[in-house]
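>>> got a structure for you, letters missing:
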């Protein structure tokens, strides 16, 4: 299975919003509501931020939101804060008990 | 505290094999599927496969089939990832990650180990 496509980078000033896209196919993103998003700071393990397209785990700020339309999922970070600067990865169930990650997006807070 | 505790860094040679362990702490071992994910230096996350700790059933990403073997030892709450015929481009941090096990699959990972650096170099 091929990696899901994300933009390499995104940026915004503190307080602004940034949206990251994640494009797959009808065999992964478009075919299932099992899209999740992970935040990774340098040298750290990934952290779950969104699951099942738009659900937030306990403890994740409501500034993080997810959505999906067709074969493309999106993560929006509203009210950007300095600690949001990190790499973000989307992921999706890909059928037949397989899974796939996105290519990753580096978010910079200007 | 719910944790996945991974084994230490490994340095190994091309053509050899490596085993990375992942020990569950603070929860019932059979309560989570264990997935393995790797990240080469400066690169993105790459899913390798998963094991059902209850049944031992596995599924591997096509890219790694024939080279990766996932096993578990329920008596010590530990999952293992064996990767054989190592190449220099297998140099990466290898993570184990937990997906809660229920009647239906969730396909997200809310539990992660800290990662194990495997360096393949002659």
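Yep, that arrived. Everything numeric here is computed off the predicted structure, so don't read it as measured data.

>>> all contacts plus neighbour counts: C-alpha atoms, from now on.
Will do.

>>> can you tell me which residues in chain B are near chain A?
B:44-47, B:49, B:59-62, B:95, B:106-110, B:112-115 (CA under 8 Å from any CA of the partner chain).

>>> the residues you listed in strands, which ones?
Within those, residues falling in strands by DSSP state E are B:45, B:46, B:47, B:49, B:59, B:60, B:95, B:112.

>>> reformat these as CSV; add neighbour count, distance to residue A:41 and pLDDT.
Output for these, formatted as CSV (neighbours: other CA atoms under 10 Å in any protein chain shown; distance: CA to CA, whole Å; pLDDT from 0 to 100):
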residue, neighbour count, distance to residue A:41, pLDDT
B:45, 23, 13, 98
B:46, 20, 17, 98
B:47, 22, 19, 98
B:49, 25, 23, 98
B:59, 18, 29, 97
B:60, 22, 27, 98
B:95, 28, 15, 98
B:112, 25, 14, 98
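
>>> save those residues as CSV, and put in distance to residue B:10 too.
CSV is the format used below for those (distance: CA to CA, whole Å):
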residue, distance to residue B:10
B:45, 19
B:46, 19
B:47, 20
B:49, 20
B:59, 25
B:60, 22
B:95, 13
B:112, 19
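
>>> and those, which is closest to residue A:32?
Residue A:32 lies nearest to residue B:47 out of those, by CA to CA, at 17.7 Å.

>>> how close does the closest one sit to residue A:1?
10 Å (CA to CA, to the nearest Å).

>>> common neighbours of these two, please.
Residues touching both residue B:47 and residue A:1 (CA atoms under 8 Å, 6 or more residues apart in numbering or on different chains) are residue A:100.

>>> ok, and what's touching stretch B:25-37?
B:1-5, B:45-54, B:74, B:77-79, B:81, B:94-102.

>>> averaged pLDDT, that stretch. What do you get?
The average pLDDT within stretch B:25-37 is 93.

>>> name the residue most distant from the centre of chain A?
The outermost residue of chain A relative to its centre, with distances by CA atoms, centre = their mean, is residue A:96 at 22.4 Å.

>>> do the longest strand along chain A and chain B meet?
Counting residues, the longest strand found in chain A (DSSP E) is strand A:86-93. Yes - remark: strand A:86-93 sits within contact range of chain B at A:89, A:92, A:93, by CA under 8 Å from any CA.

>>> so which of those wins on neighbours?
Compared across these, residue A:92 has the highest neighbour count, 31 neighbours, by other CA atoms under 10 Å in any protein chain shown.

>>> tell me how far that one lies from residue A:74.
Residue A:92 is 12 Å from residue A:74, where distance means CA to CA.

>>> cool, and residue B:85?
38 Å.

>>> and residue B:104, by the same measure?
As judged by CA to CA, residue B:104 and residue A:74 stand 25 Å apart.

>>> give me the more crowded residue out of these two.
Under the neighbour definition other CA under 10 Å, residue B:104 and residue A:74 were set side by side, and residue A:74 has more, 22 against 7.

>>> tell me which element the residue farthest from the centre of chain A is part of?
Using DSSP states H and E, residue A:96 maps to neither a helix nor a strand.

>>> how close does it get to chain B?
Distance of residue A:96 to chain B, computed by CA to the nearest CA, to the nearest Å: 9 Å.
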